[in-house]
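In: Have a look; sequence and predicted model below, questions after that.
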Amino acid sequence: MEKINLVVCSNDTEYKVALKNKLVDDNIEIIGYAEFEPSAKVRIQGYVPDVVAFLVSKTDIDSQLMDFIEDMNLAALGAVPIILTDEVSVDIVNMAAQAGVRQVMDIEVSPEEFCKDITKLASKERKHSVSQNTEKKTRSRVYAFFSGKGGVGKTTLCTNTAVALASRGKKTLLIDLDLQFGEETLTEFPLTV
């Protein structure tokens, strides 16, 4: 089974620690943390998570929080938003559903049940993405090869790296930014003939 990447969003360190202790399944991994601030939206989207867990006290759940979650447009990323709180009520569940939150859980949920629910939610989201023919966005990596001296093998090294990555099924784009003496132009791998 594919790993489930989880991002935790909370201002409360105790909640973050409690959630980390609930991860008894090796297929679920915390890839990042964020707090409720404007830059958190960009940070969370940059992680490209499968699940985003918002850990908040019942007293902090209001329309402003729901707008924060809704503005992230996590569904476009293929991410599942969930809320863990100290007290679950019908009003909270209704507000959360309107903001696109998939599940509201009690922070005291057992580790086994938490992992089971996260796995089920991520699995459903992946199936939904496949049925809608939407491709989950992935975090890209940029590799740069540079040197102040010519003839040291930059072009050879970067071309061979691009071919090796493409042969492993990775979408690869090679760009030579040596505008004066560059040998590569813009090459997309795998090469199509």
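Out: Looks like it arrived, so ask away. Since we're looking at a predicted model, the values are computed, not measured.

In: so L174, which of the three states?
Out: Under DSSP: H, G, I helix; E, B strand; the rest coil, L174 falls in the strand class.

In: tell me which residues form a beta bridge with it?
Out: T187 (DSSP bridges).

In: Isn't it up against A162?
Out: Yes - using CB atoms under 8 Å, L174 makes contact with A162 at a distance of 4.4 Å. No exception for glycine: its C-beta is placed from N, CA and C like everyone else's.

In: low-confidence ranges in the chain?
Out: Along the chain, the parts satisfying pLDDT under 70 run over 1, 75-76, 129-139, 179-193.

In: quick one, strands of it?
Out: 4-9, 28-34, 51-56, 80-85, 103-106, 172-175, 186-189 (DSSP state E).

In: which stretch among those strands comes nearest A166?
Out: Closest approach to A166 among these (CB to CB): strand 186-189, 3.4 Å.

In: circling back: dump the strands of the chain into a markdown table; add mean neighbour count as well.
Out: Listed next are the strands of the chain as a markdown table, based on neighbours: other CB atoms under 10 Å:
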| stretch | mean neighbour count |
| --- | --- |
| strand 4-9 | 23 |
| strand 28-34 | 17 |
| strand 51-56 | 24 |
| strand 80-85 | 24 |
| strand 103-106 | 17 |
| strand 172-175 | 16 |
| strand 186-189 | 13 |
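
In: Reformat those strands as TSV; add distance to A122.
Out: What follows is these, written out as TSV (distance: least, CB to CB, whole Å):
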stretch	distance to A122
strand 4-9	5
strand 28-34	8
strand 51-56	6
strand 80-85	6
strand 103-106	11
strand 172-175	27
strand 186-189	30
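
In: closest to G151 out of the ones you listed?
Out: Of the strands of the chain, nearest to G151 by CB to CB is strand 172-175, at 19.3 Å.

In: Centre of the protein to the edge, which residue is at the far end?
Out: Residue farthest from the centre of the chain, counting by CA atoms, centre = their mean, is G151 at 39.6 Å.

In: before we move on, back to that, out of the strands of the chain, flag the one nearest K127.
Out: strand 80-85 (12.0 Å).

In: Counting by contacts, list what the closest one packs against.
Out: strand 51-56, helix 90-98, strand 103-106, helix 111-131 (3 or more CB pairs under 8 Å, 6 or more residues apart in numbering; DSSP states H and E).

In: One more pass at 7 Å, please.
Out: Judged by 3 or more CB pairs under 7 Å, 6 or more residues apart in numbering; DSSP states H and E, the packing partners of strand 80-85 are strand 51-56, strand 103-106, helix 111-131.

In: ok, that strand: who's next to it in the sheet?
Out: strand 51-56 (parallel), strand 103-106 (parallel).

In: How far off centre is the first one?
Out: On the basis of CA atoms, centre = their mean, to the nearest Å, strand 51-56 is displaced by 12 Å from the centre of the chain it belongs to.
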